[in-house]
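Trainee: Dropping the sequence and predicted coords here.
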Amino acid sequence: MKIKNLVYTVFLVLFVFKGIAQTGNIANADKKYNKYAYIDAIATYEKVAEKGYKEEKMFQRLGNAYYFNGELTKALKWYDALFEMNEQQELEYYYRYSQTLKSKGDYAKADKMLELFNQKANADKRGLLFEKNKNYLEQIKSNSGRFEIADAGINSKYSDYGSSFLDNKLVFASARDTGGITKKRFKWTNKSFTNLYAVELKPDGSVGEAERFERKVNSKFNESTPVFTKDGTTMYFTRNNFLNGTKGKDDKKITLLKLYKASLVDGKWTDIIELPFNSNQYSVAHPTLSVDEKKMYFASDMPGSLGQSDLFSVTINNDGSFGTPENLGATINTEGRETFPFVSGDNELYFASDGRPGLGGLDVFVSAIKSDSTFGEVQNIGAPINTKQDDFAFVMNSKNRYGFFSSNREGGNGYDDVYRFTETKKLVCEQVLTGTIVDVETNVVLGNSKVNLLDDQFQIIGEIVTGADGKYNFKVNCDQKYYVRAASQDYETKEEAITIDRNASKTDLLLALTKAICKVVVGDDLAKCFGIKMIYFDLDKSFVRKEAAFELEKILDVMKQHPAMKIDVRSHTDSRQTHAYNEKLSDRRAKATIAWLVKNGIAAERLTGKGYGETQLVNQCADDVKCTEEEHQANRRSEFIITSM
């Protein structure tokens with residue numbers, strides 16, 4: 001792997017080895033190593049090692065050079081020699097050694113190295129995640145077998161990886177040598193730089209011939225991992241720090257990675273500019289867009305990173321400018337490498353990481369992006385996508401569950417290869433939520449009770465009427481928050497929140513209902529009679545708040561239990577705004593309340609309503625009286641007066 005490894009390896013804190021090399025060859029190899037010319041350094045180190053020379057720092061560098069290039073099985077040879085020489089190593093070597101042991105399937109020894117790593121690090125999330133998930137192989141196994149994979153049909157004997165959809169084409173990075181392209185070599189791997197190529201995706205699943213992408217996009221350095229807007233007019237991509245013939249370097253004279261933007265003008269990709277949050281001093285790479293294209297996710301080791309490379313997000317403003325990048329936080333990032341993000345049409349974040357319990361190297365993980373932009377539990381998507389080697393750059397069409405990923409697994413054509421896949425089963429953790437409805441005082445089960453299941457936005461997503469045993473059950477998703485609402489004749493409606501624990505075989509929630517002791521008559525206010533909270537409205541608003549829907553459900557149940565009952569809905573405001581405005585506002589609120597009841601099954605002729613504005617305040621908060629927000633809110637209410645039975 002070439003640019004892929006540069007992306008996350010330049011993030012590593014390279015160890016500073018003191019002392020003077022014992023031979024000219026070692027000194028020369030050290031210089032190459034420190035300039036990231038790993039292949040050249042390896043050649044020299046191994047020649048010295050073949051002659052029987054053993055030196056701890058040389059073994060470290062040999063292991064690192066292969067490790068940074070993603071050649072984990074070759075790195076294992078030298079980490080084996082390193083730990084045989086001295087078992088007491090710097091902290092990071094325990095983790096790297098465990099990763100290389102996995103490349104050969106030696107998970108038992110790898111786990112022992114992780115235990116030592118955790119003992120020495122104790123606060124490193126990578127160790128803590130292992131300690132918390134020691135049965136990770138079983139968990140991964142349960143997530144496996146959901147994909148059918150095959151060679152993508154686009155691979156060469158060189159490195160091919162990092163694909164993206166563009167209409168009916170697949171755009172990917174390749175180090176293949178075509179025609180008169182200058183044969184420049186990347187010292188990191190001693191292989192050609194990568195450019196972008198495109199192939200047609202045909203209806204029968206085959207692909208066309210790979211063609212080199214737009215000339216202005218491809219430079220004499222590395223390009224990779226593009227992403228395109230849905231309208232196909234804007235692309236973002238990764239490139240070495242090079243623009244308009246000028247190459248940028250950091251303080252150590254290293255050319256890092258940046259993100260660039262190009263626009264499609266008259267059928268040509270042009271107007272290439274770098275994004276404003278780039279820097280010569282750190283790498284920014286691998287862009288992907290949110291479903292609404294208002295946010296970009298990417299990998300970087302910029303200040304504020306938790307590990308060797310982290311995932312960040314940044315807002316894309318309506319005028320095309322960008323906000324300030326934000327770290328996705330510890331739910332996603334570890335002290336290891338998180339990279340190659342992709343957001344699916346289902347609003348799930350897929351990414352590659354070596355900082356979490358996995359099969360070896362980079363594994364692909366997924367986490368649901370919640371409505372508040374936080375993230376659900378991170379899960380390893382399992383085999384056959386993930387293997388003992390590096391697996392990364394996962395992209396998918398969520399409609400047909402068809403996509404591509406990259407890997408340097410055994411049996412490939414080149415250094416990295418692109419594979420296609422079809423997902424045959426979604427990764428969903430389901431569980432059963434069960435419970436019983438009982439009388440709170442006698443514990444007698446309440447048959448014929450209506451039980452509703454609501455999501456975290458208070459939307460009803462399930463309903464059941466209990467049998468004589470008073471029991472209910474719903475299928476639910478792990479790690480999700482739900483509300484269970486129960487109603488039974490002559491009892492007050494009750495609602496409780498529950499979050500589904502994935503570690504439990506099932507979740508049980510008993511709901512104990514209290515008898516309604518109020519006997520309603522004409523003229524009563526149902527809100528007071530049944531201890532129902534007033535239906536509050538936001539300031540200057542007339543829509544029913546989500547949390548108020550639960551209270552309206554109680555009114556609904558009473559009216560259904562008494563089919564002849566008629567209600568007059570009386571809506572009130574606080575004293576702010578003018579009398580005329582408040583009268584109109586309160587009238588809209590009364591109508592909104594009535595509309596909700598009608599929508600949920602109450603005949604319109606059973607409902608009347610009127611807005612009283614600020615004429616019937618429940619406290620002293622009249623015009624020009626200083627009151628708290630809570631006191632004002634008490635006046636924004638609805639009453640439910642029984643007019644006939």
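Mentor: Structure's in. What do you need? Since the structure is predicted, the reported quantities are computational estimates derived from the model, not experimental observations.
Trainee: Residue 324 and residue 317 touch, don't they?
Mentor: No: Residue 324 lies out of contact with residue 317 (CB atoms under 8 Å); the separation is 11.3 Å. Backbone N, C-alpha and C define where each C-beta goes, glycine included.
Trainee: I'd guessed residue 369 sits against residue 346; true?
Mentor: No: between residue 369 and residue 346 there is no contact under CB under 8 Å: 9.2 Å.
Trainee: Who has more neighbours out of these two?
Mentor: residue 369 (21 against 14; other CB atoms under 10 Å).
Trainee: Walk me through the domains of this protein.
Mentor: 3-143, 430-513, 526-644 (automatic domain parsing).
Trainee: export those domains to a markdown table and tack on mean pLDDT?
Mentor: As requested, the domains of the chain are exported to a markdown table (pLDDT from 0 to 100):
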| stretch | mean pLDDT |
| --- | --- |
| domain 3-143 | 82 |
| domain 430-513 | 91 |
| domain 526-644 | 82 |
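Trainee: Now tabulate those in TSV and tack on distance to residue 291 and mean neighbour count.
Mentor: Converted to TSV, those look like this (distance: least, CB to CB, whole Å; neighbours: other CB atoms under 10 Å):
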stretch	distance to residue 291	mean neighbour count
domain 3-143	23	18
domain 430-513	18	16
domain 526-644	23	17
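Trainee: Distance to residue 329 added to the ones you listed, as JSON lines?
Mentor: Listed next are the domains of the chain as JSON lines, based on distance: least, CB to CB, whole Å:
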{"stretch": "domain 3-143", "distance to residue 329": "11"}
{"stretch": "domain 430-513", "distance to residue 329": "17"}
{"stretch": "domain 526-644", "distance to residue 329": "27"}
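Trainee: So which of the ones you listed is nearest residue 272?
Mentor: For residue 272, the closest of the domains of the chain is domain 3-143, at 17.5 Å, according to CB to CB.
Trainee: which helices and strands does the helix or strand encompassing residue 46 pack with?
Mentor: Secondary structure from DSSP states H and E places residue 46 in helix 38-50. Contact partners of helix 38-50 among helices and strands, from 3 or more CB pairs under 8 Å, 6 or more residues apart in numbering; DSSP states H and E: helix 24-34, helix 56-68.
Trainee: Those helices: which one's closest to residue 217?
Mentor: Nearest of the helices and strands packed on helix 38-50 (CB to CB): helix 56-68, 27.0 Å.
Trainee: Now do whichever helix or strand comes after that closest one: everything it contacts.
Mentor: Sequence-wise, the next helix or strand downstream of helix 56-68 (DSSP H and E) is helix 72-85. The contact list for helix 72-85 (CB atoms under 8 Å, 6 or more residues apart in numbering) reads 54, 56, 59-60, 62-67, 89, 93, 96-97, 99-104, 360-361, 388-390.
Trainee: how far is the helix holding residue 46 from where the chain is centred?
Mentor: 41 Å (CA atoms, centre = their mean, to the nearest Å).
Trainee: between it and helix 56-68, how big is the angle?
Mentor: Helix 38-50 runs at 140 degrees relative to helix 56-68, counting by axes from the mean of the first three to the mean of the last three CA atoms, to 10 degrees.
Trainee: Quick check: end-to-end length of stretch 199-215?
Mentor: End-to-end span of stretch 199-215 (CA to CA, to the nearest Å): 16 Å.
Trainee: And it, what's buried?
Mentor: By neighbour count on 16 or more other CB atoms under 10 Å, the buried set for stretch 199-215 is 199, 201, 207, 210, 212-214.
Trainee: nearest to residue 71, of those?
Mentor: Out of the buried residues of stretch 199-215, the member with the shortest distance to residue 71 (by CB to CB) is residue 210, at 25.1 Å.
Trainee: Run through the residues that contact the residue nearest to that closest one when sequence neighbours are not counted.
Mentor: Nearest residue to residue 210, sequence neighbours excluded (CB to CB, 6 or more residues apart in numbering): residue 197, at 4.6 Å. For residue 197, the contacting residues are 154, 171-174, 176, 210-213, by CB under 8 Å, 6+ apart.
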